[in-house]
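S.K.: What follows is a protein structure lacking sequence information:
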């Protein structure tokens, strides 16, 4: 296992970045707009109106105009190509990458009359498949060579890809979710990608069908699309339905696989506001029902331990969880996470021992190693645990008490304060320190063919923290909530995995968080027992709470 970071300080690395899986994808055609399943509003097609080259412009002005024209992706960045020489217009690949930079930090240097160098301070990058990665804020150097054509300066050599400042990037590009299955085919797992909003449906379909999962996630998810089935490069809209044309090899695909393909495609395109999807071969529709999958939603009510007992809160009232609340009465809990069936829970006791609490059995010790942190429980009932000062010593314990050491867990980490598995069981998030430098890492969970956890995949360094990490949790299927800080103050960070973070102040003294079904519904618990929810500001919704529990789902109906 290794930690994936983006440290782009040279042109070679910058030029290796890419934005879209295939260069020259069509940017025309329409799809059916509407509300996706998430309830998010449709993202409109958007690009800036950019200026073409001006007569008499200097070499530096031509390069600057070319960079600014990167915000106009219409017709495959047609305006930006006007700044290039005739030969360079065919060579330049705008889809080869995007560098998100700080506009005020751009610096042009004229090395010679025919050479201009642009130095940028990178904030993030997007690779060829749309994967977003923050950087360490270092600088990168982009050289340009120019020549005269018809008496005007034009760029004869330019780095592939485009450069956008932070504000432009969030307008021209948007995040979309490619949906894969977990290895049991029970859950859908989002893989966030960033594409231009222009004809996003085509780019999503191409990345899903002809591409592959993000490398750090690839060992933890599966796709129903066979390798010999490809998509034709256009997703038009006919009678309100997006038409996805597949190669003839799709005709030999089994029905259950086609159903899963339909589900992946429909749910992926829903993130672009597409409400109807039809798969076709040679213009003929494939008649198939979408496959069902299990939801990762949780009960919208806060789940907590109070003096009145363990259960769901409604003001000062506590509604018990059948069976489990009675079992919890015999445990002095410091942290609680309930399984999706609400019949068992992973608990850290006040004696700092991890136990399994079952609605129909006595509590059983799971991990009594010194300094263990709050445990987490996955869909298969494995309880994951690790000591704070041994972040590599992660174990997973099954319902029968069998313990499995997890290989390649959190390499290079020297301390860990929090860890939580996603509700679909495919990804593990953690707050780790490398000799005092705190970060949020996420890694894919790799299991054997019978579902036993074996190792964590390469860790993705999602973001760095200025203060010590306090708690981390999944706010929905793709977004993390992070608490960090000290006695002087606490910060709450909302961090999409593969997206742009937002950070705000949290109430003083908060010690834990619990997600719900949308990031905005997160709850925070203070050391004084106050429970906070987010409105315009953080407001108290209850008091006297000793433990704010996290949920891993709802019982199957």
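M.R.: That came through fine. Given the structure is predicted, the values throughout are model-derived calculations rather than measurements.
S.K.: Look up phi and psi at residue 89.
M.R.: phi -60, psi -30 (degrees, to the nearest 10).
S.K.: Now do the contacts for it.
M.R.: residue 81 (Cβ atoms under 8 Å, 6 or more residues apart in numbering). Backbone N, C-alpha and C define where each C-beta goes, glycine included.
S.K.: Report pLDDT for it.
M.R.: We have a pLDDT of 96 for residue 89.
S.K.: quick one: it from residue 485, how far?
M.R.: 51 Å (Cβ to Cβ, to the nearest Å).
S.K.: Then residue 220?
M.R.: As judged by Cβ to Cβ, residue 220 and residue 485 stand 31 Å apart.
S.K.: Neighbour count: the two, which is higher?
M.R.: Taking neighbours as other Cβ atoms under 10 Å, residue 220 and residue 485 compare with residue 220 leading, 24 against 20.
S.K.: where does the chain dip in pLDDT?
M.R.: Counting by pLDDT under 70, the chain has low-confidence residues at 1, 5-47.
S.K.: Just the helices from it, written as ranges.
M.R.: 11-16, 59-68, 74-81, 86-91, 166-172, 200-210, 255-270, 324-328 (DSSP state H).
S.K.: nearest to residue 311, of those helices?
M.R.: helix 324-328 (5.2 Å; Cβ to Cβ).
S.K.: contact partners of that closest one?
M.R.: Residues contacting helix 324-328 (Cβ under 8 Å, 6+ apart): 305, 309-311, 320, 336, 338, 342-345, 347, 357-359, 361, 363.
S.K.: what about 7 Å?
M.R.: 305, 309-311, 338, 342-343, 345, 357-359, 363 (Cβ atoms under 7 Å, 6 or more residues apart in numbering).
S.K.: same check, this time on stretch 475-491
M.R.: Residues outside stretch 475-491 that contact it (Cβ under 7 Å, 6+ apart): 177, 190, 192, 296, 423-424, 429, 438, 440, 465, 467-474, 492-497, 503, 505-506, 508, 510, 513, 515, 517-519, 522.
S.K.: When you filter those down to buried only, what's left?
M.R.: 177, 190, 192, 296, 423-424, 429, 438, 440, 465, 469-474, 492-497, 506, 510, 513, 515, 517, 519, 522 (16 or more other Cβ atoms under 10 Å).
S.K.: quick one: which of the contacts of helix 324-328 is most hemmed in?
M.R.: In terms of neighbours by other Cβ under 10 Å, these top out with residue 345 at 31 neighbours.
S.K.: Test my guess that it contacts residue 358.
M.R.: No: between residue 345 and residue 358 there is no contact under Cβ atoms under 7 Å: 8.2 Å.
S.K.: okay, how far is it across stretch 471-485, tip to tip?
M.R.: In stretch 471-485, first residue to last residue: 10 Å (Cα to Cα, to the nearest Å).
S.K.: Kindly report the same for stretch 155-168.
M.R.: End-to-end distance for stretch 155-168, by Cα to Cα: 23 Å.
S.K.: And stretch 318-332, by the same measure?
M.R.: Stretch 318-332 has an end-to-end distance of 18 Å (Cα to Cα).
S.K.: From the chain's centroid, how far away is that stretch?
M.R.: A distance of 34 Å separates the centroid of the chain from that of stretch 318-332, by Cα atoms, centre = their mean, to the nearest Å.
S.K.: Show me which residues of it are buried.
M.R.: Neighbour-count burial for stretch 318-332 flags 318, 321, 324-325, 327-328, 331 (criterion: 16+ other Cβ under 10 Å).
S.K.: Can you tell me which of those residues lies closest to residue 85?
M.R.: For the buried residues of stretch 318-332, the nearest to residue 85 is residue 321 (69.5 Å; Cβ to Cβ).
S.K.: List the contacts of the closest one.
M.R.: Counting by Cβ under 7 Å, 6+ apart, residue 321 touches 310-311, 342.
S.K.: want to throw the residues you listed into TSV with distance to residue 450?
M.R.: Shown next, in TSV, are the contacts of residue 321 (distance: Cβ to Cβ, whole Å):
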residue	distance to residue 450
310	33
311	35
342	25
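S.K.: Among those, which ones are in strands?
M.R.: Of those, the ones assigned to strands by DSSP state E are 310-311.
S.K.: In contact with the nearest residue to residue 387 once chain neighbours are set aside, which residues are there?
M.R.: Distance criterion Cβ to Cβ, 6 or more residues apart in numbering; nearest residue to residue 387, sequence neighbours excluded, is residue 371 at 4.5 Å. Remark: with contacts taken as Cβ under 7 Å, 6+ apart, residue 371 is in contact with 387-389.
S.K.: Pull up the gap between the spatially most central residue of the chain and residue 367, please.
M.R.: The centroid of the chain falls nearest to residue 497 when counting by Cα atoms, centre = their mean (2.5 Å). Per Cβ to Cβ, residue 497 is found 27 Å from residue 367.
S.K.: Go through stretch 51-66 and flag the buried ones.
M.R.: 53, 57, 59-66.
S.K.: Now the two most distant members of those.
M.R.: With Cβ to Cβ as the measure, no two of these lie farther apart than 53 and 60, at 12.6 Å.
S.K.: what's stretch 102-114 in contact with?
M.R.: So stretch 102-114 is contacted by 59-60, 63-64, 116-121, 123, 145-147, 165-166 (Cβ under 7 Å, 6+ apart).
S.K.: ok, 10 Å please
M.R.: 58-61, 63-64, 67, 115-123, 137, 139, 141, 143-148, 153, 156-157, 163-168 (Cβ atoms under 10 Å, 6 or more residues apart in numbering).
S.K.: List only those of those residues flagged as buried.
M.R.: By 16+ other Cβ under 10 Å, the contacts of stretch 102-114 give 59-61, 63-64, 67, 116-118, 120-123, 144-146, 153, 156-157, 163-165, 168 as buried.
S.K.: What separation do you get for the closest residue in space to residue 493 that isn't next to it in sequence and residue 476?
M.R.: Counting by Cβ to Cβ, 6+ apart, residue 493 lies nearest to residue 482, which is 4.2 Å off, once chain neighbours are set aside. Residue 482 is 14 Å from residue 476, where distance means Cβ to Cβ.
S.K.: who has more neighbours, the two?
M.R.: Each of residue 482 and residue 476 has its neighbours counted (other Cβ under 10 Å); residue 482 has more, 26 against 23.
S.K.: which residues touch the closest residue to residue 115 other than its chain neighbours?
M.R.: Nearest residue to residue 115, sequence neighbours excluded (Cβ to Cβ, 6+ apart): residue 145, at 5.8 Å. Each residue near residue 145 by Cβ under 10 Å, 6+ apart is listed here: 59, 85, 88, 111-112, 114-116, 155-158.
S.K.: just those now: which is nearest residue 207?
M.R.: Nearest member of those to residue 207, counting by Cβ to Cβ, is residue 158, at 25.1 Å.
S.K.: Quickly list what the residue nearest to residue 493 is bridged to.
M.R.: Note on residue 482: beta-bridge partners by DSSP bridges are residue 472, residue 493.
S.K.: Roughly how far does residue 233 sit from residue 389?
M.R.: Remark: distance between residue 233 and residue 389 (Cβ to Cβ) = 52 Å.
S.K.: Compare these two (neighbour count), which wins?
M.R.: Taking neighbours as other Cβ under 10 Å, residue 233 and residue 389 compare with residue 233 leading, 15 against 12.
S.K.: per-domain residue ranges of the chain.
M.R.: Domain segmentation of the chain under the TED database yields 59-160, 173-285, 303-551.
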